[in-house]
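Undergrad: coords please:
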Amino acid sequence: MSEATWWRHLKGDPTRFLLSDDEPGVVWRTLVELLGRPHDSPAVVRSRLAAREAGASSDLLAQQNPFGYWGSPVAYGARWGGTSWHLVALAALGADPEDPRVARAAEVLLEQLRPHSGGFSAAKGRPPAACFTAEVCAAMARFGFAHHPRVREAVAWLMERDGGDGLWSCPELRHLVGGACPVAAVALLRFVGELPPSERPQVARLSKRAGRGLLGRGLFLEGIAPRGWSAFAHPTLGRTDLLDALSALANHLDLLNDAPAPRVLTPHPGEMARMLGTSVALVQADRIEAVREFCARHRVHLVLKGARSVLGGPDGRVFINHTGNPGMATGGSGDVLTGMIGAFLARRFDPLAALQAGCVLHGLAGDLAAADRGEEGLIASDIIEAIPGALNPAVR
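TA: All right, here's what the predicted structure looks like:
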């Protein structure tokens, strides 16, 4: 499915898809990771337990051998059919980490993995691969096995591997870009993100190396990207895409401190809550202080979207935008805002000036579009069409 087809399918808003009762595993991940709900909230607990009985993760577990593996016990790395790939898929699809079937599968795989030390090999006789090792470690961490001795050995092996430009080499030639493997970098960021915050400093060298490698290459938006890099597919299973990379990077805000260019962020309240490690309710309770504190701590410029968007900079100053209307709460509107801010940055505006100009003119374009077409049913393309009018000094 192409990106455009996918976007039309979601009608610009993925919320209904992500919270569908058909996939309770995706629901509980969405509630916790995107909407900032605590792990013990009734809705989270209910959807996590429901994932044992319904959805894609339940279907995969129903195919599990009574001994805990899938396929052949020795072919654990067989693409799509082996135990390792099933566990990677279960992690992505929101299988319940406390499901005893998941724990049994993890234990069996850790017994089967070869070689018995260092990184993991996807098949007997093949060398260990950084991407396969990182994918397995990330899945193990999600299911509570980050401290297993075999996982710790694999992480130590990854720390010592070198692939050039900060990334990792890989025997899978189809993964390589400039001799390095982005799949391994994204999987390692996911692994570190699964650890409790108190344990992340111990592996900070891994996350910084992976993050710098990805950011330094512009997330492979330039040049020839790996096959499937920008494909919308879930789970990725051995490939990665831009959304996967951005999601992983969101758990490593310390990388913002090392960025070589100005950092401008445009989160909505759910994304802001995720970055702050708090709930949406707490962010919305004091939007101004949330922006002020985050900008000062991470030395960034930021706009917290929503009714009366809040803008902030690293010097502690905060501004409130008074343009815009409720009709702009539509899928794609935030992308238009990001594009406008980026355009002003490309014209070498000061970051704060670019943020202010982008927000004010974006809201004004939305107001012009609403005046012409009404707030009900307003879509992102209506805002785009109104930008020339918003740029007209006579209108402002």
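Undergrad: In which helix or strand does Ala204 reside?
TA: Using DSSP states H and E, Ala204 maps to helix 204-216.
Undergrad: For Lys124, the count of nearby residues, please.
TA: Lys124 has 11 neighbouring residues, counting by other CB atoms under 10 Å. Every residue, glycine included, has its C-beta placed from N, CA and C.
Undergrad: residue boundaries of the helices in the stretch 101-250 of the chain?
TA: 130-142, 149-160, 182-194, 204-216, 242-249 (DSSP state H, counting those that start in this stretch).
Undergrad: quick one: buried residues of the helix holding Ala204?
TA: Using 16 or more other CB atoms under 10 Å as the test for burial, helix 204-216 gives 206-215.
Undergrad: Rebuild the helices of the stretch 101-250 of the chain as CSV, extending it with mean pLDDT.
TA: Shown next, in CSV, are the helices of the stretch 101-250 of the chain (pLDDT from 0 to 100):
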stretch, mean pLDDT
helix 130-142, 93
helix 149-160, 94
helix 182-194, 86
helix 204-216, 79
helix 242-249, 66
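Undergrad: I'd like the distance from the nearest residue to Pro115 once chain neighbours are set aside to Ala370, if you could.
TA: In space, and not counting its chain neighbours, Pro115 is closest to Ser121: 6.4 Å by CB to CB, 6 or more residues apart in numbering. Ser121 sits 59 Å away from Ala370 when distances are taken as CB to CB, to the nearest Å.
Undergrad: what does Pro128 give?
TA: Taking CB to CB, one finds Pro128 at 57 Å from Ala370.
Undergrad: same check, this time on Arg190
TA: 40 Å.
Undergrad: Val283 now?
TA: Val283 is 26 Å from Ala370, by CB to CB.
Undergrad: Who has more neighbours out of those two?
TA: Val283 (26 against 20).
Undergrad: Ala390: neighbouring residues, count only.
TA: By other CB under 10 Å, neighbour count at Ala390 equals 21.
Undergrad: surely it meets Ala369?
TA: No - look at Ala390 against Ala369 with CB atoms under 8 Å: they stay out of range, at 9.3 Å.
Undergrad: re the thing from before, as TSV, the helices of the stretch 101-250 of the chain with distance to Leu34 would be great.
TA: Output for the helices of the stretch 101-250 of the chain, formatted as TSV (distance: least, CB to CB, whole Å):
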stretch	distance to Leu34
helix 130-142	16
helix 149-160	27
helix 182-194	14
helix 204-216	21
helix 242-249	9
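Undergrad: What is the longest helix seen in the chain packed up against?
TA: In the chain, assigned by DSSP state H, the helix with the most residues is helix 351-373. With contacts defined as 3 or more CB pairs under 8 Å, 6 or more residues apart in numbering; DSSP states H and E, the packing partners of helix 351-373 are strand 264-265, strand 301-304, strand 310-312, helix 333-346, helix 380-391.
Undergrad: Deepest-packed of those, please.
TA: Highest mean neighbour count among the helices and strands packed on helix 351-373 (mean count of other CB atoms under 10 Å): strand 301-304, with a mean of 25.
Undergrad: outside of stretch 375-394, which residues touch it?
TA: Contacting residues not belonging to stretch 375-394 are listed as 12, 325-328, 330-333, 335-336, 340, 361-362, 364-366, 368-370, 372-373, 395-396 [CB atoms under 8 Å, 6 or more residues apart in numbering].
Undergrad: thinking again about what came up before, find residues that contact each of Ala390 and Ala369.
TA: Going by CB under 8 Å, 6+ apart, no residue sits against Ala390 while also sitting against Ala369.
Undergrad: Which pLDDT does the model give Arg126?
TA: Reading off the confidence values, Arg126 has pLDDT 84.
Undergrad: mind listing what the nearest residue to it once chain neighbours are set aside touches?
TA: Closest residue to Arg126 in three dimensions, ignoring its sequence neighbours and counting by CB to CB, 6+ apart: Pro171, at 7.0 Å. Residues near Pro171 by CB under 8 Å, 6+ apart: 126-127, 129.
Undergrad: which of these has the most neighbours?
TA: Ala129 (26 neighbours).
Undergrad: Quick check: the nearest residue in space to Leu109 that is not next to it in sequence vs Gln63, distance?
TA: Leaving aside its sequence neighbours, Leu109 sits nearest to Thr83 (CB to CB, 6+ apart; 4.9 Å). If you measure Thr83 against Gln63 using CB to CB, the figure is 11 Å.
Undergrad: got it, and Ala357?
TA: For Ala357 relative to Gln63 (CB to CB), the value is 55 Å.
Undergrad: Kindly report the same for Ser72.
TA: Relative to Gln63, and taking CB to CB, Ser72 is found at 14 Å.
Undergrad: so what are the domain limits for this structure?
TA: Per the record, the chain has its domains at 1-96, 113-260, 264-391, by automatic domain parsing.
Undergrad: least reliable of these going by mean pLDDT?
TA: domain 113-260 (a mean of 75).
Undergrad: Work out the gap between the host helix or strand of Leu60 and the centre of the chain.
TA: Using DSSP H and E, Leu60 falls within helix 56-62. Centroid separation for helix 56-62 versus its chain: 23 Å, with CA atoms, centre = their mean, to the nearest Å.
Undergrad: Can you name the element that comes right after that helix?
TA: Following helix 56-62 toward the C-terminus (DSSP H and E): helix 83-92.
Undergrad: what does that next one rub up against?
TA: With CB under 8 Å, 6+ apart, helix 83-92 has contacts from 56-57, 60-61, 64, 68-71, 73, 76-79, 102, 105-106, 108-109, 112-113, 120, 122, 132, 135-136, 138-140, 142-143, 234-238.
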